[in-house]
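K.L.:
kindly generate the corresponding structure for this input.
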Amino acid sequence: MNRRQAVVLGTALLGAAALAVLLTVPPLALVDADEYETTTVTVYDENETRLATVDVRIADTREKRRIGLMRTDSLESGAGMLFVHARDGTYTYHMRNVSFDIDIVFVGADGTVTTVHHASAPDPGEDSETYTGRGKYVLEVPRGYTNATGIDVGDSVEIPEAVA
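P.N.:
Residues are numbered from 1 along each chain as shown. This is a model prediction of the structure:
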């Protein structure tokens, strides 16, 4: 193969790769904050005492989970986002483009809280820490909400059947 053929082939392969990326990674602009369905989840302790009720936006698609709270300026007490995965698993979350602190609560398919992280927003220009846990659901609420309400590992989250 001569040099000209190699350049043409390389350019064609690069163009094909760029097209493949564009077709498989939808732009963030496709989901607006008002396109999320909403519901209410309730958290109970081991004695079935209600600890908290949270009004959540549901992030139940890959795109919505990827965007998460990026387009949210803040969360009021009692508000949050519920990330829904297809199955129980180990997932890692981050605070990319989120400018406020949150609590990240991992919840198993059976509704049991498995992990609680207290996450700080990264400084501008810095990478976010990562937060890993096991579950089918991840509930994000304002930082300090889990402490204020007593939400902890072992508690249960009642998730409406329509979401589960």
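
K.L.:
which SS class is Leu139?
P.N.:
Recorded secondary structure, Leu139: strand (DSSP: H, G, I helix; E, B strand; the rest coil).

K.L.:
brain fart, Leu69
P.N.:
Once three-state DSSP is applied, Leu69 turns out coil.

K.L.:
which residue, other than its chain neighbours, is closest to it?
P.N.:
Leaving aside its chain neighbours, Leu69 sits nearest to Val98 (5.0 Å; criterion: Cβ to Cβ, 6 or more residues apart in numbering). The C-beta positions use only the backbone N, C-alpha and C, and glycine is treated the same way.

K.L.:
can I assume the one you found is in contact with Arg71?
P.N.:
No - look at Val98 against Arg71 with Cβ atoms under 8 Å: they stay out of range, at 9.6 Å.

K.L.:
who does the nearest residue to Val153 once chain neighbours are set aside bridge with?
P.N.:
Setting aside the residues directly before and after it, Val153 is nearest to Val113 in space (Cβ to Cβ, 6+ apart), at 5.4 Å. For Val113, the beta-bridge partners are Val107 (DSSP bridges).

K.L.:
state the number of residues packed around Val113.
P.N.:
23 (other Cβ atoms under 10 Å).

K.L.:
what do you get for Ile104?
P.N.:
22.

K.L.:
surely it is in contact with Gly133?
P.N.:
Yes - shown here, Ile104 and Gly133 form a contact pair, counting by Cβ under 8 Å, at 7.3 Å.

K.L.:
find the residues that touch each one of these two.
P.N.:
Counting by Cβ atoms under 8 Å, 6 or more residues apart in numbering, the common neighbours of Ile104 and Gly133 are Tyr93, Thr115, His117.

K.L.:
which of those residues fall within strands?
P.N.:
Tyr93, Thr115, His117 (DSSP state E).

K.L.:
need the three-state assignment for Asn147.
P.N.:
In three-state terms, and counting by three-state DSSP, Asn147 is helix.

K.L.:
ok, back up a step: ok, and the most crowded of the shared contacts of Ile104 and Gly133?
P.N.:
Highest neighbour count within the shared contacts of Ile104 and Gly133: Tyr93, with 21 neighbours (other Cβ under 10 Å).

K.L.:
what bridges to that one?
P.N.:
Counting by DSSP bridges, Tyr93 forms beta bridges with Tyr131.
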